[in-house]
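Enquirer: Take this sequence and fold it.
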Amino acid sequence: MATRTNQETRTNQADQATRNGEVTYQIKEINYGGENKMIILPNENGSSPLIAICNLLILRNGMDLTPDRCEVTQQRLIDLLAFRLFMIEDDKEEHFENKAQNIMDAMELLPRLAYGIDVNVKFRSIDDFELSPELTIFGLLKIPLYHGWIFDPQWVT
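Expert: Sure thing, here's the model as predicted:
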């Protein structure tokens with residue numbers, strides 16, 4: 001049985017991660033809460049807010065991936081997330097216009113989630129951020145966002 005070197009494995013992953021110019025992610029079946037779920041694995045570029053949001057929605061039963069596939073394209077994840085945003089219900093009719101605008105703003109930001117988000121933290125609490133368009137997506141999907149730092153003893157003089 002032949003074994004692959006680390007370089008061969010990375011090359012294979014890179015080939016799989018971009019097919020026909022499309023970024024793809026491997027998916028894996030896990031058992032979560034007694035149920036089998038298909039989650040998204042990071043590619044060679046590492047994890048991203050897009051993967052984190054999609055995996056959280058999968059675990060919450062708010063998004064499903066086709067179980068007979070072994071990979072999913074980045075565009076498919078963006079499409080699934082866009083569909084999920086449009087399915088958000090608001091029981092307060094007076095918030096409809098604001099919600100519609102927030103969804104439209106969020107739709108413009110979806111492709112950027114694959115590469116990161118731009119947020120400014122505040123130091124009053126672990127969930128305090130300056131208001132930014134990127135936070136709209138988390139708010140609409142009712143996903144809490146936290147920040148934190150690990151203290152490095154070398155910083156003490």
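Enquirer: Nearest residue to the middle of this structure?
Expert: L50 (2.4 Å; CA atoms, centre = their mean).
Enquirer: that's a helix at L113, yeah?
Expert: Yes. Membership of L113 in a helix is supported by DSSP: H, G, I helix; E, B strand; the rest coil.
Enquirer: nearest spatial neighbour of it, skipping sequence neighbours?
Expert: L50 (3.9 Å; CB to CB, 6 or more residues apart in numbering). C-betas here are computed from N, CA, C, even on glycine.
Enquirer: Y146 versus the one you found, what's the distance?
Expert: 18 Å (CB to CB, to the nearest Å).
Enquirer: Next, P49: phi, psi?
Expert: Torsion angles at P49 (phi, psi; degrees, to the nearest 10) stand at phi -60, psi -30.
Enquirer: Would you mind confirming that it makes contact with L113?
Expert: Yes. Counting by CB atoms under 8 Å, P49 does reach L113; the two are 4.5 Å apart.
Enquirer: confidence score at R4?
Expert: Looking at R4, its pLDDT stands at 41.
Enquirer: which stretches of this structure have low pLDDT?
Expert: 1-20, 90-97, 157 (pLDDT under 70).
Enquirer: packing partners for the strand ranked longest in the chain?
Expert: Across the chain, the longest stretch assigned as strand under DSSP state E is strand 22-32. Here strand 22-32 touches helix 6-17, strand 35-40, strand 71-73, helix 74-86, going by 3 or more CB pairs under 8 Å, 6 or more residues apart in numbering; DSSP states H and E.
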